[in-house]
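K.L.:
Can you look at this prediction? I've put the sequence above it.
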Amino acid sequence: MQRMTGGRAVAMALKAEGIDHIFGIVGTHDCPLFDGVHGDPDFKVVTVRHEQGASLMADGYARASGKIAACFVVPGPGLTNALTGMGMAYTESSPMLVFGGQNAIAQLEREGGHFHELANSVNVAASVCGYATRAMTPAEIPRIVREAMRSMRCKRPRPSYIEMPLDVQSGEADVAVLPPARYVRPAGDPAAIDLAAEALESAKRPFIFAGGGVESAQATESLVHVAEALGAPVVTSAFGRGAISDRHPLAVGDGWGRYNFYDELLGQADMVLVVGSRIDIVTDWNGGARFPERIVQIDIDPMVIGQRRPVDVGIVGDAAQVLGALAARLDGHRPRASWFDVAAFRKRKRDVFAERAGPVLEVIESLRAATPDDTIFVDDLTLVGYWMPVMMDTYQPRTLIHPGTYGTLGYALPAAIGAKLACPDQPVVAICGDGGFLFTLQELATARALDIDLVVLVFNDNAFGAIRQYQDRVLGGRHIGAELTNPDFVKLGDAFGARSARVDAKDLGATVRKAQSAGGLWLIEIPFAPKGTVEMVPWMP
């Protein structure tokens, strides 16, 4: 045992778990937490400009790398500010470890008007966490951190929250620091895996629907092995882009949305293998209603199995282990030729996109051509961002990060900062709209202080463009709160110390290539308000 404060016990527990990045803002109720890591070379402490930025950075960090970061926030407004990113991570299955400061133990649950007081704060956090508790002594901190990590590593990955009263943070105790742990995820029932293999082998026209759980489990190689053995075309959800390279001959891509051109696949398929996906409405508005009747589903979360449709075989387990076991059972079979002409389908799909979103397609294809395969794109809820999962060719796992079902405006910039910190050797590009960018633009100061290479694109149509288009459709063109008065984004970028430019969409690819070559922080504004038949949101009802 070692004598230490609660703040230092947190630091030692984080070290044991391999967590080395901490995002947050120091305040009166978390100062001892920051003091516990102060001067320790094993930690990178990132001071953000808003607690929402801290949790969104932690989310981008996790989604780009699979690694877990910590956040330190004060109670009350610090926690409620961070809840946006925590809710985002909860919905999209992303881990982060949040430590919330709190008043002293004697002041809890009394509603005495104390500074930063928030009633039932652990329960508030628990609404967007897979694990939430309060530490009552420094001595129990290593055990609590270990339980939080086990929840994130052995179950569906979601945020964990640990509340730290001030006297626990600053108080001293004899603390037993735990050794590093090896976390074991469920391997799946062997009998169910046998049944799944038999069912898939019996199918004549199977396809695979792969979600973000494939990348979360690092199961991409096994996914490709199973697909090749079955000759099964692979459709990825918006969150599974990169689970199979779009250069692979079985990769159909993403693009379910509201489009009926997928009916030619669905109408012929006699079985679907769903892996690591809850079949969200962002990717498939019909919630799997048009899937074949025969379904095999693999997911680490038992609540997801059969959630949308009854399944023939359901396997609760880690996608990498279950797919690996399936691949082993299929090894004795000669790989099948695909029953579906994927290349012809992709060409027809692109033709549809060119008709429905031509200017957007041109922008996305120019970005793809101008950037290396391992570039991480982090998009926001904006015209180009909405279409990114649908139209951007993706070649590697975790290189297209979309805010998804939770729908967080302002996501791209802070999440891109987190992604860059997690993957410093990969180029990172943030795709922002003018409306969403103003939600979190203060984090340009964080990026500048970190001195990172980051390209931030702001597509400016002087409106909440998606809402304006939605109002055109459902309100007959009555625009309510959709028009915006914007600052000069180039001057704004200059003020934050970013290299800034305003370019036409046709010059974007060349400008991004120049920015990545030069390095540093770049803010590039693109006036972009295409008219005509361009659809803003490919999945909006």
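P.N.:
That came in fine, so what should we check first? What you see is a predicted model, and the numbers here were worked out from it, not measured in a lab.

K.L.:
got any ranges where this protein has weak pLDDT?
P.N.:
Counting by pLDDT under 70, the chain has low-confidence residues at 255-259, 285, 332-333, 532-541.

K.L.:
residue boundaries of the helices in the stretch 251-400 of the chain?
P.N.:
Ranges of helices in the stretch 251-400 of the chain, per DSSP state H, counting those that start in this stretch, are 263-266, 319-330, 342-370, 383-391.

K.L.:
and of those helices, who's closest to Asp504?
P.N.:
helix 342-370 (10.6 Å; C-beta to C-beta). Bear in mind the C-beta positions are built from the backbone N, C-alpha and C, glycine included.

K.L.:
How far does that closest one sit from its chain's centre?
P.N.:
Computed by C-alpha atoms, centre = their mean, to the nearest Å, the chain-centroid distance of helix 342-370 equals 24 Å.

K.L.:
by how many degrees do it and helix 383-391 diverge?
P.N.:
140 degrees (axes from the mean of the first three to the mean of the last three C-alpha atoms, to 10 degrees).

K.L.:
Just say which of the helices of the stretch 251-400 of the chain is most tucked in.
P.N.:
Ranked by mean neighbour count, the helices of the stretch 251-400 of the chain are led by helix 383-391 with a mean of 26 (mean count of other C-beta atoms under 10 Å).

K.L.:
tell me what it is packed against?
P.N.:
helix 342-370, strand 376-379, strand 428-433, strand 454-460, helix 465-474 (3 or more C-beta pairs under 8 Å, 6 or more residues apart in numbering; DSSP states H and E).

K.L.:
Any idea how far the third one is from the middle of the chain?
P.N.:
Taking the mean of its C-alpha atoms, strand 428-433 sits 14 Å from the chain's own mean (C-alpha atoms, centre = their mean).

K.L.:
now what about the next helix or strand after it, what contacts it?
P.N.:
Counting by DSSP states H and E, the next helix or strand C-terminal to strand 428-433 is helix 434-440. Applying C-beta atoms under 8 Å, 6 or more residues apart in numbering, the contact partners of helix 434-440 are 50, 52-53, 56, 380-382, 409-414, 456, 458-465, 484, 486, 489.

K.L.:
List only those of the residues you listed flagged as buried.
P.N.:
50, 52-53, 56, 380-382, 409-414, 456, 458-461, 463-465, 484, 486, 489 (16 or more other C-beta atoms under 10 Å).

K.L.:
picking up where we left off before, which one of the helices of the stretch 251-400 of the chain lies nearest to Lys514?
P.N.:
helix 342-370 (9.2 Å).

K.L.:
now the closest one against strand 454-460, angle please.
P.N.:
Using the same axes, to 10 degrees: helix 342-370 against strand 454-460 is 110 degrees.

K.L.:
Report the angle between helix 342-370 and strand 428-433.
P.N.:
100 degrees.

K.L.:
Give me the helices and strands touching helix 342-370, please.
P.N.:
Helix 342-370 packs on strand 251-253, helix 383-391, helix 508-518, going by 3+ C-beta pairs under 8 Å, 6+ apart.

K.L.:
Switch those over to JSON lines; also include distance to Lys155.
P.N.:
Output for the helices and strands packed on helix 342-370, formatted as JSON lines (distance: least, C-beta to C-beta, whole Å):
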{"stretch": "strand 251-253", "distance to Lys155": "29"}
{"stretch": "helix 383-391", "distance to Lys155": "25"}
{"stretch": "helix 508-518", "distance to Lys155": "38"}
